[in-house]
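>>> here's my sequence, what's the structure:
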Amino acid sequence: MSRRVAFRIDDSHYALVVRRPVAILMVTLAVCVFGFVSYRRLALTLMPDMSYPTLTVRTMYPGTAPEDMENVVARPLEQQLGVIPKLVSISSVSKAGQSDVILEFQWKTDMDLAAQEVREKIDRLRLPDGAQRPLLLHFDPSLDPILRLGLAGPQSLYELRYLAEHDVKRRLESLPGVAAIQIKGGLEEQFLVALEESKLAALKLDLNQIATRLQQGNVNLSGGRLSEGQTEYLIRTLNEFRSIEEIGQLIIGRQNNVDLRLRDVATITRFHEDRQVITRVNGQESVEIEVFKEADANVLVVAEAVRHALLGTPEQQEYVANLRRQATPPPTAPILSRGKTKERAPPTAKRRPAPGDLVAAARLQAQRVLDHRRLTDFLAYQLPAGTAVQVLSDQSIFIKNSIDEVRSNAILGGLIAVVVLYLFLRNVTQTLIVGLCIPISILATFAPMHLAGITLNIISLGGLALGVGNLVDNAIVVLESVFRCREEGDPPLVAVVRGTSEVAMPVVASTLTTVAVFFPIVFVEGVAGQVFGDLALAVVFSQIASLIAALYLIPMLASAAAGGAQNLAGMVAAGAAVRDCGFLRFATIPERGVARLAHPLHLLGVVLWRGVLGLTVALAAIVKGLLVAAFGVLWPLLWLLEIALRRRRPPAGSGWWQQACAWAGADRLGPLAGALVWPGLISYAALDHLGGALEKVARWLVGRPRWRIVLRLAPAVVAGVFQIGRFAVEVVL
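I've put the predicted structure just below:
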């Protein structure tokens with residue numbers, strides 16, 4: 001004959017879960033809040049941050065053959081850079097006029113420190129005269145532009161390039177999160193000076209002399225500062241060429257007391273650089289503008305800020321559309337002179353004074369002008385007529401669609417998991433308890449992801465989606481163990497603690513096996529480690545969060561569902577009794593204290609005070625009755641579905657409605673609902689205890705001269721305030 005050994009709650013530390021449910025609930029809410037804040041701060045990218053340990057040193061030496069580039073540039077660089085620490089391999093590619101030295105380092109090398117060491121080695125090397133300074137290039141896939149814009153219009157390509165350089169670029173570079181703006185296409189204006197050799201030979205002029213004069217004449221220099229008394233002047237030499245005429249007026253020499261100018265020996269024409277890129281929008285040549293974001297900036301936020309700066313917000317677009325639809329001129333600012341305010345009238349209309357106060361009208365007009373400037377402060381409205389900016393490609397849209405797709409699939413998977421749980425458990429309460437573990441575990445996962453520097457991308461979201469199905473495993477095991485102990489006859493709290501303790505170690509072991517499978521991926525080197533590292537960490541963090549929720553949150557909820565609500569109702573009733581006692585203590589004044597108040601007005605005030613409190617108690621009793629009646633009607637209706645699912649058979653001779661009402665009243669939340677509505681509030685037996693409880697307070701108040709004066713003057717002060725308020729109301733009306 002088997003004998004069940006008695007289980008003591010105090011022997012397990014899980015007793016804290018059922019004894020401190022409020023503390024567990026507050027910790028859970030705090031974790032959810034921290035997770036939500038971390039989710040809002042996670043950077044949004046398409047793929048994880050990938051950093052290849054590769055540097056390229058590019059050197060340009062125009063007019064040099066590939067073999068010479070290898071001998072005079074590539075080999076000296078290889079010898080100088082070959083001693084850098086953590087260098088795996090070094091190779092070079094030599095072309096006509098170009099040499100690339102490729103350095104490959106070990107994975108997880110600090111590339112910033114490696115780049116600094118490479119620059120130091122390059123500075124020590126002396127390259128041939130004519131070779132340009134080597135450039136250090138670092139390949140990063142995240143350096144692709146997030147936006148490509150097209151600027152097209154009826155202007156020439158020179159003017160479009162100028163608009164892109166001076167208007168669009170300066171406006172966009174000031175936006176937060178924008179790292180750089182690159183302009184492609186169009187024509188960059190230059191001046192071509194074509195010298196005539198016959199004239200140079202006749203005047204005995206040297207080509208180098210003319211080139212030197214052009215360099216000296218096309219420069220702006222600072223001349224320092226000049227102080228005169230309290231005034232300080234900044235001296236500058238403005239001598240840059242701005243037109244063809246200025247270049248032609250340049251003096252290049254002097255013969256026979258006659259100045260020789262550049263236009264005498266050369267033909268100057270407007271020219272442009274060799275075009276490397278040609279862009280077209282709808283078949284029309286245009287200028288392309290590429291927008292690059294900062295490394296830690298959110299793609300969606302930066303792209304939205306750029307679109308608003310270019311095309312305006314929806315409010316600005318609607319305002320401009322209304323202006324064009326109504327064909328109304330923009331408001332003009334008022335003119336203020338000598339303390340008076342006047343409005344600027346059209347030149348063809350007579351100036352008439354505005355009706356009403358001119359100052360108020362001027363303020364209203366000024367506010368309209370400010371609103372107009374605010375609502376038209378975007379580039380599409382400020383560009384010349386016919387010039388338009390179009391978004392050619394937007395990486396943020398693709399990223400948003402991809403992440404939304406993964407997010408929706410994860411949510412759908414969680415909902416399907418909850419539905420499958422309900423089909424097997426056949427219990428709404430258990431399904432909700434287990435299903436609650438999914439969102440809480442996911443929210444708790446975002447906090448360590450933020451601390452680990454993981455971005456929100458399709459890989460990390462894929463890891464969360466992969467772990468959604470496993471998040472409920474631990475909760476199901478713990479909950480089934482609790483209900484098994486309950487069926488064996490254990491009291492509700494004992495069943496929760498015993499059931500959790502019996503399966504705690506198997507649940508921990510099961511979770512650690514999953515962690516042991518995914519966590520080593522973090523240490524994989526190469527591209528695979530950088531790509532799938534976010535997925536592994538997302539799975540590990542979510543599994544640990546689900547384990548903690550299953551061992552601490554699920555038992556607390558199960559205790560409430562399995563019978564802990566009765567204890568909770570007792571605690572609520574005790575708290576309500578304490579609250580009622582504190583409330584009703586103000587209903588009576590001890591007779592001894594009242595007798596010491598001689599003035600009749602004081603007694604009248606006491607009577608009014610008792611009347612107000614009595615009315616409050618009566619209203620509370622009415623509210624209680626209404627709430628109890630509402631619970632009696634609504635509660636059976638809410639649980640009819642579960643009654644049908646349980647297929648409870650009513651006893652013979654009783655209708656299904658009486659059976660449903662009896663079941664709902666005897667079930668978990670029936671007694672709790674009645675206990676929550678101030679039980680015993682209409683019991684006036686507490687008034688007997690009220691006088692004794694306040695006797696000491698009343699003695700102290702009445703025994704102090706200050707309080708006696710206050711109590712005597714209070715009715716007069718209240719009456720005076722009432723009369724003053726009444727007089728003020730009459731004056732206003």
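
>>> residue ranges with poor pLDDT in the stretch 501-650 of the chain?
Counting by pLDDT under 70, the stretch 501-650 of the chain shows low-confidence ranges at 560-650.

>>> isn't Gly217 right up against Phe241?
Yes: counting by Cβ atoms under 8 Å, Gly217 touches Phe241, with 7.5 Å between them. To be clear about C-beta, it is placed using only N, CA and C from the backbone, and glycine gets the same treatment.

>>> so where's the stretch 51-200 of the chain shaky on pLDDT?
Within the stretch 51-200 of the chain, the stretches with pLDDT under 70 are 139-143.

>>> all helices of the stretch 201-350 of the chain, in order?
Ranges of helices in the stretch 201-350 of the chain, per DSSP state H, counting those that start in this stretch, are 207-217, 244-248, 299-311, 314-326.

>>> so which of those is the most packed in?
When the helices of the stretch 201-350 of the chain are scored by mean count of other Cβ atoms under 10 Å, the highest mean neighbour count falls to helix 299-311 (a mean of 19).

>>> please enumerate the helices of the stretch 351-500 of the chain.
358-375, 379-382, 395-425, 428-435, 437-451, 458-487, 492-518.

>>> quick check: phi and psi at Gln132.
Main-chain torsions, Gln132, degrees, to the nearest 10: phi -80, psi 160.

>>> what distance do you get for it to Ser91?
21 Å (Cβ to Cβ, to the nearest Å).

>>> let's see stretch 14-27 as CSV, backbone CA atoms only.
Extracted C-alpha coordinates of stretch 14-27, given in CSV (Å, rounded to 0.1, in the frame of the first residue of the first chain):
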residue,chain,number,x,y,z
TYR,A,14,9.1,28.4,-4.7
ALA,A,15,6.9,29.2,-1.7
LEU,A,16,7.9,32.8,-2.2
VAL,A,17,6.1,32.8,-5.5
VAL,A,18,2.7,32.1,-4.0
ARG,A,19,3.2,34.1,-0.8
ARG,A,20,4.4,37.2,-2.7
PRO,A,21,2.3,37.4,-5.8
VAL,A,22,2.3,41.2,-5.9
ALA,A,23,6.1,41.2,-5.9
ILE,A,24,6.3,38.7,-8.7
LEU,A,25,3.7,40.7,-10.7
MET,A,26,5.7,44.0,-10.2
VAL,A,27,8.9,42.4,-11.3
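
>>> buried ones in it?
14-15, 17-18, 21, 24 (16 or more other Cβ atoms under 10 Å).

>>> next: stretch 155-164.
The neighbour-count check on stretch 155-164 (16+ other Cβ under 10 Å) flags 155, 157, 159-164 as buried.

>>> residues near Ile411, how many?
Close neighbours of Ile411, defined as other Cβ atoms under 10 Å, add up to 15.

>>> ok, the one 4 residues further on next?
By other Cβ under 10 Å, 13 other residues sit near Leu415.

>>> next one: it relative to Glu318, how far apart?
37 Å.

>>> please apply the same query to Val301.
For Val301, the distance to Glu318 (Cβ to Cβ) stands at 23 Å.

>>> likewise for Val418?
Taking Cβ to Cβ, one finds Val418 at 42 Å from Glu318.

>>> same question for Gly185.
32 Å.

>>> same question, Met69
To Glu318, Met69 is 60 Å away according to Cβ to Cβ.

>>> do the same with Arg225
Relative to Glu318, and taking Cβ to Cβ, Arg225 is found at 51 Å.

>>> identify the residues contacting the closest residue to Arg58 other than its chain neighbours.
Nearest residue to Arg58 in three dimensions, chain neighbours excluded: Leu135, at 4.7 Å (Cβ to Cβ, 6 or more residues apart in numbering). Applying Cβ atoms under 8 Å, 6 or more residues apart in numbering to Leu135 gives the contacts 57-59.

>>> mind checking which of those residues are buried?
Among the contacts of Leu135, those that count as buried by neighbour count (16+ other Cβ under 10 Å) are 57, 59.

>>> from the contacts of Leu135, which ones fall inside strands?
Mapping those onto strands (DSSP state E) picks out 57-59.

>>> among these, which one lies nearest to Met111?
Using Cβ to Cβ, Val57 comes nearest to Met111 of these, at 13.9 Å.

>>> and Gln530, backbone torsions?
Torsion angles at Gln530 (phi, psi; degrees, to the nearest 10) stand at phi -70, psi -30.

>>> since we're on it, how many residues are nearby?
Neighbours of Gln530 using other Cβ under 10 Å come to 19.

>>> quickly note the distance from it to Ala538.
14 Å.

>>> domain-wise, how is the protein divided?
9-41+427-560, 54-139, 189-272, 328-377, 585-702 (automatic domain parsing).

>>> between the helices of the stretch 201-350 of the chain, which gets nearest to Lys121?
Checked against Cβ to Cβ, the stretch from these lying closest is helix 207-217, at 32.8 Å.

>>> show me what the closest one is packed up against.
Applying 3 or more Cβ pairs under 8 Å, 6 or more residues apart in numbering; DSSP states H and E, one finds that helix 207-217 contacts strand 189-195, strand 251-255.
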